[in-house]
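*Asks:* Turn this into a model:
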Amino acid sequence: MAKKMVDIQLISIESDVANAPIQLEAVLVALNDFKKEGNNKSYQIKIWNNGNNSNFVSGLVITEQIKDLPPKRNKDTGAFSSLGLQDNERLAYGNAFLYDKDLNVIFYEVNGNGCYLDQFSSMIKEEWNTRQQGQQNQIIDITFASIPKNGGYQQYLSMYYLKEFILEVACPHAIIQEYQNRNKTLLGAISPDLNRAVNNNADVMQIRYATLGKKANEQGLDASRIRKLVKAGQFILTGNQRANVRELKVVGFERSPEGRSHKTTADLITDLLKGSIELPTVSQHVDLQEENRQSQIESLHTNMRQIVQSILQPQ
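*Replies:* Just a heads-up that it's a prediction; the model follows:
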């Protein structure tokens with residue numbers, strides 16, 4: 001049987017409840033079978049049975065396309081016609097996911113017809129917070145960050161002096177349109193720049209800040225401000241507009257174990273860590289291949305866990 005390779009994003013997660021770490025595992029389990037209706041699509045979260053394995057939670061986001069369905073075409077006559085779905089029938093797509101609670105990392109299947117990772121994050125955050133009915137000590141916030149192969153994010157965090165920051169994105173109007181009704185807070189740091197780019201009819205937007213060096217500027221770039229800009233860039237990288245992020249880079253100084261200071265560059269977009277799984281291909285599917293998806297993503301997790309740990313938790 002023919003098979004296809006499916007990309008898996010590996011994303012580091014920052015989650016907070018009342019400024020303290022939260023067990024995202026508990027949130028996902030609590031939202032098992034949660035459903036959300038959108039304008040053109042509906043979503044459902046399904047948690048799989050992982051047996052006695054308590055190190056991770058895996059499951060599936062089921063996406064149903066409600067409107068704007070494509071037609072079918074007769075290959076002999078070239079005629080188009082409706083798919084002929086009943087009122088209670090919809091096209092269905094799947095995104096497998098696995099959350100490693102010790103590493104605080106999620107493995108997430110890339111499926112453009114399904115649910116993008118940023119939508120998944122927004123969905124679970126909004127539903128969980130709504131269920132808490134104003135209990136501030138239970139409100140969650142979730143931020144995703146892509147994982148560079150070379151540990152670039154950890155390299156950036158280890159810098160004691162920030163000399164330069166660069167973020168370059170294409171199609172700023174598409175990014176604004178994508179997030180105009182949701183997740184505005186994570187775009188907040190670059191929203192004014194994006195809006196100016198759109199107003200100027202720009203196809204490419206670049207944000208660059210730099211110092212003239214430690215002698216001229218002893219403090220360096222504002223670490224809090226740069227962190228917000230980095231998070232905004234990483235947030236775009238987790239969603240539908242990730243291909244429009246051309247550059248995300250921080251230049252600064254860090255100290256070696258011997259205490260020596262040296263200049264370094266953290267490239268937060270090149271060579272991002274990712275994996276892939278194999279799924280059987282058939283002319284017409286009769287299900288979402290859950291058994292295949294579960295076994296494949298759990299095997300990938302087993303094979304890549306040590307690599308991820310070496311990047312995020314270096315000895």
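*Asks:* quick check: domain ranges of the protein?
*Replies:* The chain breaks down by automatic domain parsing into domains covering 1-147+273-315, 149-272.
*Asks:* Export those to JSON lines and append columns for mean neighbour count and mean pLDDT.
*Replies:* To be clear about C-beta, it is placed using only N, CA and C from the backbone, and glycine gets the same treatment. Shown next, in JSON lines, are the domains of the chain (neighbours: other CB atoms under 10 Å; pLDDT from 0 to 100):
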{"stretch": "domain 1-147+273-315", "mean neighbour count": "15", "mean pLDDT": "87"}
{"stretch": "domain 149-272", "mean neighbour count": "16", "mean pLDDT": "86"}
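*Asks:* any chance you could map the helices in the protein?
*Replies:* Shown for the chain, the helices assigned by DSSP state H span residues 24-30, 117-131, 152-157, 172-178, 184-187, 191-199, 223-237, 290-312.
*Asks:* Tabulate those helices (a markdown table), appending distance to Ile142.
*Replies:* Converted to a markdown table, these look like this (distance: least, CB to CB, whole Å):
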| stretch | distance to Ile142 |
| --- | --- |
| helix 24-30 | 8 |
| helix 117-131 | 5 |
| helix 152-157 | 16 |
| helix 172-178 | 18 |
| helix 184-187 | 10 |
| helix 191-199 | 19 |
| helix 223-237 | 10 |
| helix 290-312 | 17 |
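*Asks:* These: which one's closest to Leu60?
*Replies:* Nearest to Leu60 among these is helix 290-312 (6.1 Å), distances taken as CB to CB.
*Asks:* Which other helices and strands does that closest one contact?
*Replies:* strand 3-17, strand 56-65, strand 91-100, strand 105-109, strand 274-280 (3 or more CB pairs under 8 Å, 6 or more residues apart in numbering; DSSP states H and E).
*Asks:* With distance to Leu288 added, can I get those in JSON lines?
*Replies:* Shown next, in JSON lines, are the helices and strands packed on helix 290-312 (distance: least, CB to CB, whole Å):
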{"stretch": "strand 3-17", "distance to Leu288": "12"}
{"stretch": "strand 56-65", "distance to Leu288": "7"}
{"stretch": "strand 91-100", "distance to Leu288": "4"}
{"stretch": "strand 105-109", "distance to Leu288": "11"}
{"stretch": "strand 274-280", "distance to Leu288": "10"}
